[in-house]
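# here is a sequence together with a model predicted from it:
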Amino acid sequence: MELKPKPVSQLYEGNEDGYQNVTLSLMSDRSLNRSGHQEWWDIAIDECKPSTGSCRVLPMIIFNDKVSPPSLGFLAGYGIMGLYVSVVLVIGKFVRGFFSEISHSIMFEELPCVDRILKLCTDIFLVRETGELELEEELYSKLIFLYRSPETMIKWTRDMQIRGRKRN
């Protein structure tokens with residue numbers, strides 16, 4: 001791929017006769033250290049013989065644009081506000097997604113005393129092993145009812161000492 005530089009006529013006094021041809025070579029040295037290598041551009045004026053002293057100083061003004069990586073190119077068009085808003089939205093969506101499901105699972109994960117529910121599950125397992133399918137179905141429907149009724153679930157999982165105090 002060959003790139004053609006465009007001269008800036010406002011910075012150069014005179015006509016194109018004063019232009020010189022140059023050769024750019026990408027040089028590299030891999031012997032500097034183990035982790036990487038160093039690269040640099042070598043600039044040489046064409047038709048220049050250092051032994052004859054015909055080489056002159058090469059005046060150069062270079063314009064360099066700071067370009068964002070291509071992966072962020074769609075954000076660069078919107079500037080710093082676009083970048084800020086997109087980062088805030090992405091982080092906000094991540095945090096919201098992380099915490100949104102907690103409200104549905106707290107009821108089942110933070111129960112104070114699950115001994116009675118564990119006993120019901122163990123009974124369902126034992127009844128299934130003995131082959132009493134009607135009793136298993138009845139116990140299973142009781143378990144489903146518990147999970148569908150938060151009030152009953154709270155009553156079932158109260159600590160035994162708290163339940164004893166409320167009856168008195």
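Alright, I've got the coordinates. Numbering: from 1, shown residues only.
# check the secondary structure at residue 42 for me.
Per DSSP: H, G, I helix; E, B strand; the rest coil, the secondary structure class of residue 42 is strand.
# which residue is the nearest non-sequential neighbour of it?
residue 25 (4.5 Å; C-beta to C-beta, 6 or more residues apart in numbering). Just so you know, the C-beta spots here come from the backbone N, C-alpha and C atoms, and that holds for glycine as well.
# ok, the one you found - how many residues close by?
When neighbours are counted by other C-beta atoms under 10 Å, residue 25 registers 9.
# go ahead and confirm it touches residue 41.
Yes. Distance between residue 25 and residue 41: 7.1 Å, which falls inside the contact criterion (C-beta atoms under 8 Å).
# follow-up on the earlier one: helix, strand or coil for the residue nearest to residue 42?
For residue 25, the secondary structure call by three-state DSSP comes out as strand.
# what's near enough to touch it?
Applying C-beta atoms under 8 Å, 6 or more residues apart in numbering to residue 25 gives the contacts 41, 42, 44.
# just these now: which is nearest residue 90?
Of all the contacts of residue 25, residue 90 sits closest to residue 41, with 37.8 Å by C-beta to C-beta.
# that closest one pairs with what?
The residues paired with residue 41 through beta bridges, assigned by DSSP bridges, are residue 26.
# isn't it up against residue 22?
No. Counting by C-beta under 8 Å, no contact exists between residue 41 and residue 22, whose distance comes to 10.5 Å.
# more neighbours: the two, which one.
Neighbours per residue (other C-beta under 10 Å) separate residue 41 from residue 22, with residue 22 holding more: 13 against 8.
# which strand residues bridge that one?
In this entry, residue 22 is beta-bridged to residue 45, by DSSP bridges.
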